[in-house]
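Asker: no sequence on this one, just coordinates:
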């Protein structure tokens with residue numbers, strides 16, 4: 001989850017850098033236009049590819065949680081911190097590298113702009129683009145459809161398995177405790193929290209990735225629906241709308257993990273252990289737990 005949050009942070013920083021054209025325009029409209037064109041090539045793809053990385057990492061988190069439920073006595077030596085770090089690093093580099101070839105299809109050139117009477121940076125298709133545009137964009141569009149679908153399928157399957165296993169273990173615990181039959185099919189609060197978190201993650205990624213899958217399907221079926229082609233302006237409008245979904249996804253994930261995952265909350269606070277903010281949050285959390293225990297008592 002920490003790896004997902006780091007990629008979400010990168011995504012949000014890229015979006016913030018992309019919107020710096022507004023403040024730049026106060027000093028120079030020509031430089032603001034240059035900044036906008038450069039950012040379309042650099043940060044647009046970074047936001048998009050970060051979304052794919054986080055979706056695959058979310059699938060890994062679901063698999064990890066599934067293993068914790070299915071083989072609880074073996075998972076501690078199977079998924080050590082080093083193994084988890086290595087897997088997250090591999091997924092991040094592999095998925096980002098899978099799409100990174102698209103960074104090389106445009107060149108930034110400076111042309112004279114009569115409106116500003118000044119040179120302005122623009123992006124244009126380069127030789128690599130014209131030499132490989134057929135297979136390259138078919139590869140890119142299919143990847144943009146398949147990776148989110150595979151990740152979503154893995155999350156759904158793992159959540160289903162987790163719910164089934166937790167239901168079984170809840171019945172077993174209830175039988176051992178000889179509780180009433182009416183409560184035998186109920187899950188514990190911790191089990192419910194695990195399922196609830198995974199269901200929220202599924203919902204977030206369905207809302208966030210469904211429009212982008214639809215966009216890549218449209219790009220695959222309509223060749224001219226892309227940058228610097230016949231439907232460039234429509235594509236730009238749709239891309240800006242999709243950025244809202246991508247950035248909302250990146251902003252929401254942190255709060256979902258922090259509120260629903262004790263391990264993520266602990267890791268986050270340990271990163272800022274000596275800061276005043278972390279001490280304040282920890283103090284409030286302990287006060288809340290003590291008040292809750294006193295009330296229940």
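Answerer: Nice, I can see it. Since we're looking at a predicted model, the values are computed, not measured. Numbers count the residues shown, from 1 in each chain.

Asker: tell me the mean pLDDT for stretch 150-158?
Answerer: Here stretch 150-158 scores 86 as its mean pLDDT.

Asker: Stretch 133-146 too?
Answerer: Mean predicted lDDT for stretch 133-146 stands at 85.

Asker: max-length helix in the chain?
Answerer: Counting residues, the longest helix found in the chain (DSSP state H) is helix 127-177.

Asker: Could you name the helices and strands sitting against the next helix or strand after that one?
Answerer: Later in the chain than helix 127-177, the nearest helix or strand by DSSP states H and E is helix 189-221. Contacts defined by 3 or more CB pairs under 8 Å, 6 or more residues apart in numbering; DSSP states H and E place helix 189-221 against helix 29-70, helix 127-177, helix 232-260. For glycine as for every other residue, the C-beta is placed from the backbone atoms N, C-alpha and C.

Asker: Deepest-packed of these, please.
Answerer: Each of the helices and strands packed on helix 189-221 was assessed for mean neighbour count using mean count of other CB atoms under 10 Å. The highest is helix 29-70, with a mean of 20.

Asker: can you state the direction angle for that helix and helix 127-177?
Answerer: 30 degrees (axes from the mean of the first three to the mean of the last three CA atoms, to 10 degrees).

Asker: What average pLDDT does helix 29-70 get?
Answerer: The average pLDDT for helix 29-70 rounds to 88.

Asker: Please apply the same query to stretch 75-91.
Answerer: 88.

Asker: chain center to stretch 39-59, what's the gap?
Answerer: Relative to the chain's own centre, stretch 39-59 is displaced by 8 Å; criterion: CA atoms, centre = their mean, to the nearest Å.

Asker: ignore the last one, stretch 246-266
Answerer: Centroid separation for stretch 246-266 versus its chain: 10 Å, with CA atoms, centre = their mean.

Asker: Run through who's touching that stretch.
Answerer: 1-2, 4-5, 7-9, 11-12, 15, 47-48, 50-51, 54, 193, 196-197, 200-201, 204-205, 207-209, 212, 268 (CB atoms under 8 Å, 6 or more residues apart in numbering).

Asker: Write a PyMOL command that selects only the buried members of the residues you listed.
Answerer: For the buried members of the contacts of stretch 246-266, the matching PyMOL selection, counting by 16 or more other CB atoms under 10 Å, is:
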select buried, resi 1+4+5+7+8+11+12+15+47+48+50+51+54+197+200+201+204+205+208+209+212+268
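
Asker: Take the helices and strands packed on helix 189-221 and lay them out in TSV including distance to residue 106.
Answerer: Compiled in TSV, those are given as follows (distance: least, CB to CB, whole Å):
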stretch	distance to residue 106
helix 29-70	5
helix 127-177	7
helix 232-260	13
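
Asker: For residue 88, find the nearest of these.
Answerer: helix 29-70 (6.4 Å; CB to CB).

Asker: Give the next helix or strand downstream of the closest one.
Answerer: Counting by DSSP H and E, what follows helix 29-70 is helix 75-78.
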